[in-house]
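Trainee: Below is the sequence, then the predicted model.
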Amino acid sequence: MTATLTAENTAPVPVLRVRDLTIAIGAKKNPKKIVTGISFDLIPGRIQGLAGESGSGKTVSSLAILGLLPANASVGGSIELDGTQIIGMGRRALNDIRGRRIAMIFQDPSSSLHPQIMVGSQLTDHVRRHLGLNATDAKARAVELLTRVRVPNPEEALRRYPHQFSGGQRQRIAIAIALACDPVVLLADEPTTALDVTVQAGILHLLKDLAIERNLAVLLVTHDLGVMSAIADDVAVMRHGAIVEAGLREQIFGAPQHAYTRELLDSLPGAQNAPSAHGLAVAALEDDAR
Ligand SMILES: Nc1ncnc2c1ncn2[C@@H]1O[C@H](COP(=O)(O)OP(=O)(O)OP(=O)(O)O)[C@@H](O)[C@H]1O
């Protein structure tokens with residue numbers, strides 16, 4: 001019998017599935033509802049954007065994926081990594097997933113870098129701990145990673161401290177550490193918000209390339225629709241803890257259905273020409289390591 005190719009069996013398989021995620025934080029008697037039932041998939045090689053104004057619940061949602069919410073948070077729904085439920089998982093199992101299978105980069109790269117430890121040790125400690133490499137192989141891996149994220153003079157960079165690099169280079173180093181153990185999911189929370197626009201474009205370009213070449217499923221959390229339009233493949237728009245609209249980037253930017261999405265797009269600088277003419281989108285494709 002010949003197999004029939006249907007839309008169903010050719011659909012990409014998500015590596016991470018979020019279903020009806022609810023998050024409340026605070027005292028048991030009167031918790032504050034922060035996320036009210038969101039669903040999305042992360043697919044290898046694709047960038048899923050989570051957009052929305054400040055306070056809409058984007059960061060809290062991504063922290064839930066890492067099991068990093070405060071102790072007074074209650075989480076409902078389902079978050080499955082390759083079919084394994086993350087919600088309610090024990091601390092040991094979560095620690096094993098964090099950094100190894102799911103990595104994260106933040107707005108401030110310094111928060112993932114220790115200020116008093118040389119960049120080389122931070123990278124090699126990470127791969128030695130998680131991958132069990134010996135010192136020589138760990139160093140080779142560190143150089144390879146710094147080369148890939150385009151930190152200049154990688155051998156020398158290993159012996160420098162984070163403060164000796166620019167903000168953009170620090171974010172590149174944070175990305176190298178995040179990728180050190182070949183994660184399948186990368187959570188990127190406002191990864192370029194602290195950087196100026198020309199540097200932003202280089203980092204966005206890098207994230208886009210890495211997603212494709214490593215078949216990495218990326219969740220890009222940002223309030224900045226310019227950043228979103230530059231690299232996201234799929235976009236979900238959040239408001240007050242709910243997803244109000246989701247779809248392909250072209251649909252969301254070209255034909256937004258929800259009034260709130262239109263409002264956000266109208267508030268973009270140069271909105272009358274946006275989104276395709278947005279400077280970042282163009283710059284991200286043209287720019288190189290800066
Ligand atoms: N530990 C906490 N305790 C209580 N409330 C919290 C806690 N962390 C976040 N919140 C609240 O949850 C809501 C969503 O916050 P979140 O940081 O997810 O928003 P966001 O969409 O990522 O916005 P931003 O871009 O400003 O970070 C906010 O009202 C915030 O005050």
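Mentor: Done, it's in.
Trainee: mind listing what residue 224 touches?
Mentor: Applying CB atoms under 8 Å, 6 or more residues apart in numbering, one finds that residue 224 lies in contact with 190, 192, 193. For glycine as for every other residue, the C-beta is placed from the backbone atoms N, C-alpha and C.
Trainee: For it, give me phi and psi.
Mentor: When read as degrees, to the nearest 10, the backbone of residue 224 gives phi -100, psi 110.
Trainee: Next one: residue 74 relative to residue 147, how far apart?
Mentor: 44 Å (CB to CB, to the nearest Å).
Trainee: Most neighbours among the contacts of residue 224, please name it.
Mentor: Most neighbours among the contacts of residue 224, by other CB atoms under 10 Å: residue 192, with 29 neighbours.
Trainee: which secondary structure element contains it?
Mentor: If you go by DSSP states H and E, residue 192 is not part of any helix or strand.
Trainee: what's the distance between it and residue 224?
Mentor: 8 Å.
Trainee: Also residue 202?
Mentor: Distance, residue 202 to residue 224, using CB to CB: 16 Å.
Trainee: quick one on the thing from earlier: just the closest of the contacts of residue 224 to the ligand, please.
Mentor: Nearest to the ligand out of those is residue 190 (CB to the nearest ligand atom; 6.4 Å).
Trainee: ok so, going back, just put the contacts of residue 224 in a markdown table and tack on pLDDT.
Mentor: Output for those, formatted as a markdown table (pLDDT from 0 to 100):
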| residue | pLDDT |
| --- | --- |
| 190 | 94 |
| 192 | 93 |
| 193 | 89 |
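Trainee: List just the nearest of those residues to residue 230.
Mentor: Comparing these against residue 230 with CB to CB picks out residue 192 as the nearest, at 9.2 Å.
Trainee: any chance you could map the helices in the protein?
Mentor: 7-10, 58-65, 91-97, 119-131, 135-148, 154-157, 167-179, 197-213, 225-231, 249-254, 259-266, 279-286 (DSSP state H).
Trainee: since we're on the closest residue to residue 94 other than its chain neighbours, how many residues are nearby?
Mentor: Nearest residue to residue 94, sequence neighbours excluded (CB to CB, 6 or more residues apart in numbering): residue 67, at 4.3 Å. Residue 67 sits with 20 neighbouring residues when counted by other CB under 10 Å.
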